[in-house]
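**Student:** Here is my input; please provide its structure:
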Amino acid sequence: MRERSPERNPQENSQCTRTHDAAIDIRRVRKSFGTGANAFVALKEVSAAIRRGEFFTLLGPSGCGKTTLLRLIAGFDQPTSGDILLDGEDISQLAPFHRPVNTVFQNYALFPHMSVAQNIGFGLKMQGKSKAEIDDRVDAMLTLVQMQALKSRRTGEISGGQQQRVALARALAPAPKLLLLDEPLSALDLKLRKEMQIELKRLQNETGITFVFVTHDQEEALTMSDRIAVMDHGSILQIGTPREIYDHPKRRFVADFIGDINFIEATAVTDGGQAGARIPGHGFVRLEDDRTLADGETMTLAIRPERVEIVPSKALDHIDGPRNEATNELTGKLVNVVYHGTDTIYHFTLADGTVMRARTQNNRGFAPRFSVGDAIGWRVDPSAISIVEDAAA
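**Tutor:** A predicted model of the protein is given here:
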């Protein structure tokens, strides 16, 4: 028997807060497989409120629990404990066919002996809709996914990208309240995958249906999502907009999983009226992170390479007084330069041996000229520095 969800502590993380416009309300959902010593916990009391009409992405590595959570929402599995509400109604124990939810799978699961139009209308036929209703809805879906010219083709006679459009049209045809997408772009080549990212977002905008998308691809998540939930080891580590997740990661795993990142170990400095950090062997950098830290507390700073500016070390000679005090300008030694066409990545070391990266766009054929072995200066704006939890890797 499923365990009841325990009473919620009102002081819990705000990412779990209920909102009046939530389409899906996931309340402390836990999922275990097996019993006793052999039990495997796939989800550890996960909570999230997915807003009505948004494109919400579950992002994380293989085995993090994202597909398990999707299956619980779809009804293919039931939670061990906790509740899943759709528009305020608990659907945790409803069979999949009793939920106004459709799923698009990785393999699309189309019927190869049927035409495109027949595939799209199949779910409507199972619902007992009249032929006229089915024809009207199929035509509307063919127009939505731009497949009118191929309506009579069998699905085995069309391309992979076209098959994906048919799968989407079939899932959207019954007008579900929620559409679940389990890595539907993974089988496509890179160019087609990028095209379909734009297409998926267009479809979601035009239909207004809530999309819950599962992927391990960070670029997909950043490109399409209104909000992203980053998962690892059965937990949601952070929920936020793509910009919030990328620019202001709260956890080390989140910062490291999405894009390139520099980590620096430092200690908090809270005296003198300025919040900042002391980097061993370098000095003081100002911070704009709003977290409260005790003076001398150890912490990990995270900085995106594209937010680091490198300059000749002599450019720092104008600084009066002790270098590095409240300037966010420090020094290093260049150890590698990698040209990537659109940009150049500079690898440099700090006094304690920490390796840092700076990414500079090669605008109009211009890039700063430095040689390996040069002493260089580097600058970073306080707004570009995040304090991340889980300092140990």
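
**Student:** where's the closest residue in space to residue 106 that isn't next to it in sequence relative to residue 169, distance?
**Tutor:** The spatially closest residue to residue 106, leaving aside those adjacent along the chain, is residue 183, at 5.1 Å (Cβ to Cβ, 6 or more residues apart in numbering). In short, each C-beta sits where N, CA and C put it, glycine included. Counting by Cβ to Cβ, to the nearest Å, the gap between residue 183 and residue 169 amounts to 19 Å.

**Student:** neighbour-wise, which of the two wins?
**Tutor:** Shown here are residue 183 and residue 169; by other Cβ atoms under 10 Å, residue 169 has more neighbours (25 against 18).

**Student:** Now that one: which helix or strand?
**Tutor:** Residue 169 is located in helix 160-172, with elements delineated by DSSP states H and E.

**Student:** pLDDT below threshold where in this structure?
**Tutor:** Applying pLDDT under 70 to the chain flags residues 1-20, 271-274, 314-327, 364-368, 391-393.

**Student:** Identify the single longest helix in the chain, thanks.
**Tutor:** Here the longest helix in the chain is taken by residue count, with DSSP state H as the criterion, and it is helix 190-207.

**Student:** Please enumerate residues in contact with that one?
**Tutor:** Residues from elsewhere that reach helix 190-207, judged by Cβ atoms under 8 Å, 6 or more residues apart in numbering: 55, 144-145, 160-161, 164-165, 168, 172, 181, 184-185, 188, 211, 213, 220, 223-224.

**Student:** Let's see it as PDB, backbone CA atoms only.
**Tutor:** Coordinates of the C-alpha atoms in helix 190-207 are reproduced here as PDB (Å, rounded to 0.1, in the frame of the first residue of the first chain):
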ATOM      1  CA  LEU A 190      22.400  17.100 -34.800                       C
ATOM      2  CA  LYS A 191      21.000  19.400 -37.500                       C
ATOM      3  CA  LEU A 192      17.500  17.900 -37.400                       C
ATOM      4  CA  ARG A 193      17.600  17.900 -33.600                       C
ATOM      5  CA  LYS A 194      18.200  21.600 -33.500                       C
ATOM      6  CA  GLU A 195      15.400  22.200 -36.000                       C
ATOM      7  CA  MET A 196      13.000  20.200 -33.900                       C
ATOM      8  CA  GLN A 197      13.900  22.100 -30.700                       C
ATOM      9  CA  ILE A 198      12.500  25.200 -32.300                       C
ATOM     10  CA  GLU A 199       9.500  23.200 -33.700                       C
ATOM     11  CA  LEU A 200       8.700  21.800 -30.300                       C
ATOM     12  CA  LYS A 201       8.700  25.200 -28.600                       C
ATOM     13  CA  ARG A 202       6.500  26.600 -31.400                       C
ATOM     14  CA  LEU A 203       4.000  23.800 -30.900                       C
ATOM     15  CA  GLN A 204       3.900  24.300 -27.200                       C
ATOM     16  CA  ASN A 205       3.400  28.100 -27.700                       C
ATOM     17  CA  GLU A 206       0.600  27.600 -30.200                       C
ATOM     18  CA  THR A 207      -1.300  24.900 -28.300                       C
END
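
**Student:** List the neighbouring strands of the helix or strand following the helix holding residue 169 plus their orientation.
**Tutor:** Reading on from helix 160-172 to the C-terminus, the next helix or strand found by DSSP H and E is strand 178-182. Taking DSSP bridges as the criterion, strand 178-182 forms sheet pairs with strand 101-104 (parallel), strand 210-215 (parallel).
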